[in-house]
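S.K.: I would like the atomic coordinates for the input below:
(4 chains)
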Number of protein chains: 2
Amino acid sequence: MLTISILVNHPAPSFVATENPVKDNNDMPGHLARRFQQIAVAVFLAEVGDAGFDLTPVQYAALATIKANPGLDQVTLAGLIAYDRTTITGVVDRLVQKGLAERRASSRDRRARELEITDEGRRTLRKITPAVESAQRVMLRGLSAKEGEELMRLLRKAIAAGNELSRAPLRDAQA
Amino acid sequence: MLTISILVNHPAPSFVATENPVKDNNDMPGHLARRFQQIAVAVFLAEVGDAGFDLTPVQYAALATIKANPGLDQVTLAGLIAYDRTTITGVVDRLVQKGLAERRASSRDRRARELEITDEGRRTLRKITPAVESAQRVMLRGLSAKEGEELMRLLRKAIAAGNELSRAPLRDAQA
DNA sequence: GGATATTGATCAGTATGCTGACTATCAGTA
DNA sequence: TACTGATAGTCAGCATACTGATCAATATCC
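M.R.: The predicted structure follows:
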């Protein structure tokens, strides 16, 4: 009786399981990694967008790394931020297209391209920094300062141990 | 003198910055999130692939959730695992194409599709579970059991606080 | 009961990420 | 020096993710 009346008023949560036959998502580090990343990207884009800029987290990291290492080639850039080398092509394409970076043929190695930040890129980086830093705070807003530090420490440790497990491990600039 | 000889013997790390003008990547939770996610996906695919299956983390989570909630619609599925509703279309497409799930028109709401796992899907889930669990261990292999627990706790806490900040927040099955 | 708002699903377009292949070039060696 | 292997960059193809739009169907409100 009661059940029937509930079904009429709140049409059928009948498919909702009360128990999970598999481990709960919240106990799976892989799922938590995906969720946190998803939120981190959304927060970054929102903060940076609010500041009036159109730059993705990936493009930001690439641009900042080009600025810090003028003249580096694309493989080195990829290694410094752990991007796949096939991904970096498109990212640099877009930075160049936006006028934030330049891609020149290398004089030392005709296979390689030397990357350089433009004045416009430098200006953008400078003006965007507060939004980027704000984003980092927002994505940790549920944690105390101490917890945020601990989260970063554990992530760093797990990442270091797993560095070689992805196709695009972090690499030093120097071989 | 020493500097010069080093430069001669190890040709030109000239573009490598000694100091970073921006915050180091390793202090950016967004960067760490991306790296950890990258490793987590690679580990999942490797473990599951070694076990002889061709299923992505996303497809696995969707399939497990369909099994746990037979007959659910795509929006509910998306909410339960925090996927964007435009993403779920393609994911379900591939599960259906692989014969692991079925998509039927709903009788209660002609806009909606009811999702069901197939016997093949059930078999796959059962056989794949050890590899999935192994993957979760591997991606935390740099951490002690206690540290792994703490990492998950902090991720859960940060995610809960940021849930509404992404386009695809986690939702209960029941509105 | 009819206008209005909302919702489920899909689509086009863009941006990561990856696999695997390919070209051009470079480096080391027999 | 010719051969071999490695390397820098790119491409095609596939799978997430997202923005913003559209269509059909349902809910809601007056």
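
S.K.: CA only for contacts and neighbour counts going forward, please
M.R.: Fine.

S.K.: could you show which parts of chain A are in contact with DNA strand C?
M.R.: A:56-59, A:83-84, A:86-87, A:90-91, A:94, A:108-111, A:166-168 (C-alpha under 7 Å from any atom of the strand).

S.K.: pull out the buried members of the residues you listed.
M.R.: A:56, A:57, A:59, A:83, A:84, A:91, A:166, A:168 (16 or more other C-alpha atoms under 10 Å in any protein chain shown).

S.K.: which of these sit farthest apart?
M.R.: Farthest apart among these by C-alpha to C-alpha are A:56 and A:166. That separation is 21.7 Å.

S.K.: tell me the pLDDT of the residue nearest to residue A:111 when sequence neighbours are not counted.
M.R.: Take residue A:111 and drop its neighbours on the chain: the residue closest to it by C-alpha to C-alpha, 6 or more residues apart in numbering or on different chains is residue A:105, 7.8 Å away. Confidence at residue A:105, expressed as pLDDT, is 94.

S.K.: ranges for the helices of chain A?
M.R.: According to DSSP state H, chain A carries its helices in the segments A:2-9, A:29-50, A:57-68, A:74-81, A:85-97, A:119-138, A:145-162.

S.K.: closest to residue B:45 out of the ones you listed?
M.R.: helix A:29-50 (11.3 Å).

S.K.: which residues touch the closest one?
M.R.: With C-alpha atoms under 8 Å, 6 or more residues apart in numbering or on different chains as the contact definition, helix A:29-50 has outside contacts at A:25-26, A:54-57, A:128, A:131-132, A:134-136, A:138-139, B:29-30, B:33-34, B:36-37, B:40-41, B:82, B:136, B:139-140, B:152, B:155-156, B:158-159, B:162-163, B:165-167.

S.K.: which of these are buried? Put it as a PyMOL command.
M.R.: This is how PyMOL selects the buried members of these, with burial counted by 16+ other C-alpha under 10 Å:
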select buried, (chain A and resi 25+55+56+57+128+131+132+135+136+138+139) or (chain B and resi 29+30+33+34+36+37+40+41+82+136+139+140+152+155+156+158+159+162+163+165+166)
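
S.K.: the contacts of helix A:29-50 also near DNA strand D: which ones?
M.R.: B:166, B:167.

S.K.: distance between the ends of stretch A:135-143?
M.R.: End-to-end distance for stretch A:135-143: 14 Å, by C-alpha to C-alpha, to the nearest Å.

S.K.: now do it, average pLDDT.
M.R.: 96.

S.K.: contact partners for the spatially most central residue of chain A?
M.R.: Nearest to the mean C-alpha position of chain A, by C-alpha atoms, centre = their mean, lies residue A:57 at 5.2 Å. Going by C-alpha under 8 Å, 6+ apart, residue A:57 touches A:41, A:44, A:45.
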